[in-house]
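Student: could you look at this predicted model? Sequence included:
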Amino acid sequence: MTGTVTSEYTFVPQSVGTFTIKPIEFSYFDLTKKEYVTLTSGGYVLEVARGANTTTGVSEQNEIRQRATDILHIHSLSDNSLSTNYSPTIHSISFWISWIVVIVIATAGLFLHRRQLRLNADVIGRKTARAGRVAKKRLHRAKNFMESGNREAFYAEILSALWGYISDRLAIPVADLNRNNISEQLSAHGMNNEDITRIINLFDECEMARYTPESSMRSMTDIYNDASQSMDTLESIKKKK
């Protein structure tokens with residue numbers, strides 16, 4: 001069996017000079033000799049001359065090749081050397097102070113938030129707590145109307161003060177209040193019948209005086225004093241209870 005194998009290689013010289021191509025070895029198994037045989041080609045010597053359009057010299061080409069393959073040095077951007085004295089942030093006092101401040105603020109915020117939630121949930125308690133202040137403001141306005149001689153506004157303000165105060169104190173909506181349940185609730189809170197009757201009569205007198213001014217037999221001063229005294233009496237009974 002015979003044959004021919006041809007291999008073609010392209011050489012691109014990078015510099016001018018004399019170069020030697022080493023011999024090439026080829027091994028195969030000889031069936032006649034029953035052994036491997038190695039054939040060696042002859043070497044070649046090439047003379048590379050400068051090309052007609054080449055302007056770059058040998059030294060310049062070597063410099064370009066060196067720049068492309070060389071490992072460049074690392075240059076520091078500043079003259080300061082790297083510090084070897086390093087302490088973790090967790091070991092600093094400012095780190096722990098910051099954490100303590102954060103924890104204190106978070107705890108205070110949580111406490112205030114929960115307190116506000118309890119206050120918002122206790123609507124009845126808040127209305128009861130401010131009932132006295134609201135009633136006093138209304139009585140003060142009623143007194144101003146009394147001093148200015150505005151009878152209709154005076155009686156309307158007394159009624160508003162009584163209804164609103166009793167509604168807040170007894171935790172009963174104004175729309176659900178009437179003379180019967182007012183009497184029952186005030187009696188259950190320990191108010192005597194005389195004080196209860198005085199409050200009911202105040203309602204009747206003020207209602208009558210608003211629409212029939214000439215029917216009121218008592219002065220506005222007496223009505224005002226009775227309303228103020230009735231609220232003070234109910235206030236003291238609620239506190240004792």
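Tutor: That came through, no problem.
Student: my guess is Met220 contacts Glu152. True?
Tutor: No. Look at Met220 against Glu152 with C-beta atoms under 8 Å: they stay out of range, at 11.1 Å. All C-beta spots, glycine's among them, are computed from the backbone N, C-alpha and C.
Student: so for those two, which sits in the more crowded spot?
Tutor: Shown here are Met220 and Glu152; by other C-beta atoms under 10 Å, Met220 has more neighbours (20 against 12).
Student: what helix or strand is the residue found closest to that one once you drop the neighbours it is linked to in the chain located in?
Tutor: Counting by C-beta to C-beta, 6 or more residues apart in numbering, the nearest residue to Met220 once its immediate chain neighbours are dropped is Met146, at 4.6 Å. For Met146, the element it lies in under DSSP states H and E is helix 131-148.
Student: helices or strands up against whatever helix or strand comes next after that helix?
Tutor: Where DSSP H and E defines the elements, the next helix or strand beyond helix 131-148 is helix 151-170. Other elements packing on helix 151-170 under the criterion 3 or more C-beta pairs under 8 Å, 6 or more residues apart in numbering; DSSP states H and E are helix 123-129, helix 131-148, helix 179-188, helix 193-211, helix 220-240.
Student: same list (those helices) but as a markdown table, adding distance to Gly3 and mean pLDDT.
Tutor: Output for the helices and strands packed on helix 151-170, formatted as a markdown table (distance: least, C-beta to C-beta, whole Å; pLDDT from 0 to 100):
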| stretch | distance to Gly3 | mean pLDDT |
| --- | --- | --- |
| helix 123-129 | 107 | 55 |
| helix 131-148 | 118 | 82 |
| helix 179-188 | 124 | 82 |
| helix 193-211 | 131 | 84 |
| helix 220-240 | 123 | 79 |
